[in-house]
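> Sequence and predicted structure are below.
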Amino acid sequence: MAELGRRARKASQRVALASAAEKNAALNAIAASIRAAAPRILAANAEDLGEARAKGQPPAFIDRLALDADRLEAIAAAVESIAALPDPVGRVLASFERPNGLKIERVATPLGVVGVIFESRPNVTADAGALCLKAGNAAILRAGSDSFRTSSAIAQAMGEGLERTGLPADASSLVPTRDRVAVGAMLSGLDGNIDVIVPRGGKSLVALVQEEARVPVFAHLEGICHVFVHEKADLGMAKRIVLNAKLRRTGICGSAETLLVDRACADTHLTPLIAMLLDAGCEVRGDEAVQAADPRVAPATEEDWRTEYLDAIISAKVVDGLDAAVSHIETYGSHHTDSIITDDAAAAERFMAEVDSAIVLHNASTQFADGGEFGFGAEIGIATGRMHARGPVGVEQLTSFKYRVRGTGQTRP
């Protein structure tokens, strides 16, 4: 692990100075290598899936882990989309001149070496490595044991693409062991060779990283995402958005986990919304009002309001208007992504101002909480903290800055 850190640091110094053309050529070569290695990657994924099924992993977990030809093509296309983004390094963020004639610029620079610790999603291997490269960083990637074979095969293809274009393969390296001791080594900073850690996974992983890391962390807590159906919501729109927010893909962090329905529209909206979810195969756990709307609803416990199911399960509650909805989200939410459905523009603006989440939406599905959907090409995660990066962490968020000061001989009195 110490040697891995030293090699990554050396690689970071090379890619920090790479031109936009060099980085883009490398990214396009990585995408081509992933496509060429498809049989090898899919074979590795089949082994990982077989092991996960043998362990009795739930369907949502299997879905997050599984690759097929279409998903692998999407991974390669995401790398190409990152290549097509503007180069974030060297951007002049601000410029001004002081009364003494000093000209000062704030300029975007790479972070250095980014450590990424993730669990079952093998696509993170390519997304994280490509985003870090575009931002002039090296990446050290630690995959979860369940996706280790798949991630290793993807990382090998990425290294081949880097080397073909003259950039060091160590610019994107996968920790070559499942041993959990490697996580501790990364959290210690690898002798100063890791500049920031990004955890991407469940609550226990993120809590471990935040507690033990000796380097800065881009926190990504669980996605307890809410959809609030306001009294002025169009029922047809609400049904489309709620169904998509919960069931499009239940295993992603932007999946809605709690439905809040305004008491003022419960008579007309609650039963159709709950019946729609149940008929689509979603388990609903509700308060007394929701249970009364449909006999198939199970009682919700206090713990349900705090649970990220990542499955076809949703908690549902009737609330007394906008204030109660905002209060519920503040009490039980994870500051990830929350949506209001309403035709009342003033209510929407209040919701978006008062809900303290990284992403707030009006009349749109929470499943848009995704770097690709934001035009970032991909994301390394959704940061729910308040420092540096917040929301989808794309190439711009993977840079820092420095000040360039130009003078004409000035000295300080």
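On my side now, so go ahead.

> Met237 touches Ser339, doesn't it?
No. The criterion here is Cβ atoms under 8 Å, and Met237 misses it with Ser339 at 11.4 Å. Glycine gets a C-beta too; all of them are placed from N, C-alpha and C.

> Between those two, which has more neighbouring residues?
Set side by side, Met237 and Ser339 show unequal neighbour counts under other Cβ atoms under 10 Å, the larger going to Ser339 at 30 against 15.

> Was I right to think the more buried one contacts Ser357?
No. Look at Ser339 against Ser357 with Cβ under 8 Å: they stay out of range, at 9.7 Å.

> quick revisit: show me the common contact partners of Met237 and Ser339, please.
Shared contacts of Met237 and Ser339 (Cβ atoms under 8 Å, 6 or more residues apart in numbering): Asn363.

> can you pull out the helices in the stretch 101-250 of the chain?
Taking DSSP state H, counting those that start in this stretch, the helices of the stretch 101-250 of the chain run over residues 123-134, 148-164, 181-187, 203-212, 235-247.

> now these as CSV including mean pLDDT and distance to Phe351?
Converted to CSV, those look like this (pLDDT from 0 to 100; distance: least, Cβ to Cβ, whole Å):
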stretch, mean pLDDT, distance to Phe351
helix 123-134, 94, 30
helix 148-164, 97, 39
helix 181-187, 94, 37
helix 203-212, 83, 25
helix 235-247, 98, 14
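
> Can you lay out the ones you listed as a markdown table showing distance to Leu260?
Below are the helices of the stretch 101-250 of the chain laid out as a markdown table (distance: least, Cβ to Cβ, whole Å):
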| stretch | distance to Leu260 |
| --- | --- |
| helix 123-134 | 31 |
| helix 148-164 | 37 |
| helix 181-187 | 37 |
| helix 203-212 | 22 |
| helix 235-247 | 11 |
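
> tell me the most buried of the ones you listed?
Comparing the helices of the stretch 101-250 of the chain by mean neighbour count (mean count of other Cβ atoms under 10 Å), helix 123-134 comes out on top with a mean of 28.

> how much does that one deviate in direction from helix 148-164?
Orientation check (axes from the mean of the first three to the mean of the last three Cα atoms, to 10 degrees): helix 123-134 against helix 148-164 gives 30 degrees.

> Grab the CA positions of helix 123-134 and hand them over as PDB.
What follows is helix 123-134, C-alpha atoms only, in PDB (Å, rounded to 0.1, in the frame of the first residue of the first chain):
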ATOM      1  CA  ASN A 123     -19.000   1.300 -12.700                       C
ATOM      2  CA  VAL A 124     -17.400   3.500 -10.000                       C
ATOM      3  CA  THR A 125     -14.000   2.200 -11.000                       C
ATOM      4  CA  ALA A 126     -14.300   3.800 -14.400                       C
ATOM      5  CA  ASP A 127     -16.300   6.900 -13.400                       C
ATOM      6  CA  ALA A 128     -14.000   7.800 -10.500                       C
ATOM      7  CA  GLY A 129     -10.700   7.100 -12.400                       C
ATOM      8  CA  ALA A 130     -11.900   9.100 -15.400                       C
ATOM      9  CA  LEU A 131     -13.100  12.100 -13.400                       C
ATOM     10  CA  CYS A 132      -9.900  12.200 -11.400                       C
ATOM     11  CA  LEU A 133      -7.800  12.100 -14.600                       C
ATOM     12  CA  LYS A 134      -9.800  14.800 -16.300                       C
END
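
> counting contacts, what elements does that helix pack onto?
Counting contacts by 3 or more Cβ pairs under 8 Å, 6 or more residues apart in numbering; DSSP states H and E, helix 123-134 packs against helix 20-36, helix 69-83, strand 113-118, strand 138-142, helix 148-164, strand 172-174, strand 196-200.

> and the ones you listed, which one is worst for confidence?
Comparing mean pLDDT over those, the weakest stretch is strand 196-200, at a mean of 89.

> in the stretch 301-413 of the chain, which spans are strands?
According to DSSP state E, counting those that start in this stretch, the stretch 301-413 of the chain carries its strands in the segments 313-319, 337-341, 359-362, 382-383, 391-392, 399-406.

> strand partners of the longest one, parallel vs antiparallel please.
Its sheet considered, strand 399-406 pairs with strand 103-110 (antiparallel) by DSSP bridges.

> The partner strand: how far from the chain's middle?
Per Cα atoms, centre = their mean, to the nearest Å, the displacement of strand 103-110 from the mean C-alpha position of its chain is 27 Å.

> next one: stretch 292-304
Averaged C-alpha coordinates place stretch 292-304 at 30 Å from its chain's average position (Cα atoms, centre = their mean).

> pull the CA atoms of it into PDB?
Extracted C-alpha coordinates of stretch 292-304, given in PDB (Å, rounded to 0.1, in the frame of the first residue of the first chain):
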ATOM      1  CA  ALA A 292     -56.500   3.800   6.100                       C
ATOM      2  CA  ALA A 293     -56.100   4.600   2.400                       C
ATOM      3  CA  ASP A 294     -55.300   1.000   1.500                       C
ATOM      4  CA  PRO A 295     -55.500  -2.200   3.500                       C
ATOM      5  CA  ARG A 296     -52.200  -3.500   2.000                       C
ATOM      6  CA  VAL A 297     -50.100  -0.800   3.700                       C
ATOM      7  CA  ALA A 298     -48.000  -2.000   6.600                       C
ATOM      8  CA  PRO A 299     -47.500   0.100   9.700                       C
ATOM      9  CA  ALA A 300     -44.500   2.400   9.700                       C
ATOM     10  CA  THR A 301     -42.200   2.500  12.700                       C
ATOM     11  CA  GLU A 302     -40.000   5.400  13.800                       C
ATOM     12  CA  GLU A 303     -37.100   3.600  12.200                       C
ATOM     13  CA  ASP A 304     -38.700   3.600   8.800                       C
END
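
> buried residues in it?
In terms of neighbour count (16 or more other Cβ atoms under 10 Å), stretch 292-304 has its buried residues at 293-294, 297, 300, 304.

> Among the residues you listed, which one lies nearest to Pro122?
Nearest to Pro122 among the buried residues of stretch 292-304: Asp304, at 30.2 Å, using Cβ to Cβ.

> right, and that closest one touches Ser315 too?
Yes. Look at Asp304 against Ser315 with Cβ under 8 Å: they come within range, at 4.2 Å.

> Need the nearest residue in space to Arg149, chain neighbours excluded.
Nearest non-adjacent residue to Arg149, counting by Cβ to Cβ, 6 or more residues apart in numbering: Ala44, 4.0 Å away.
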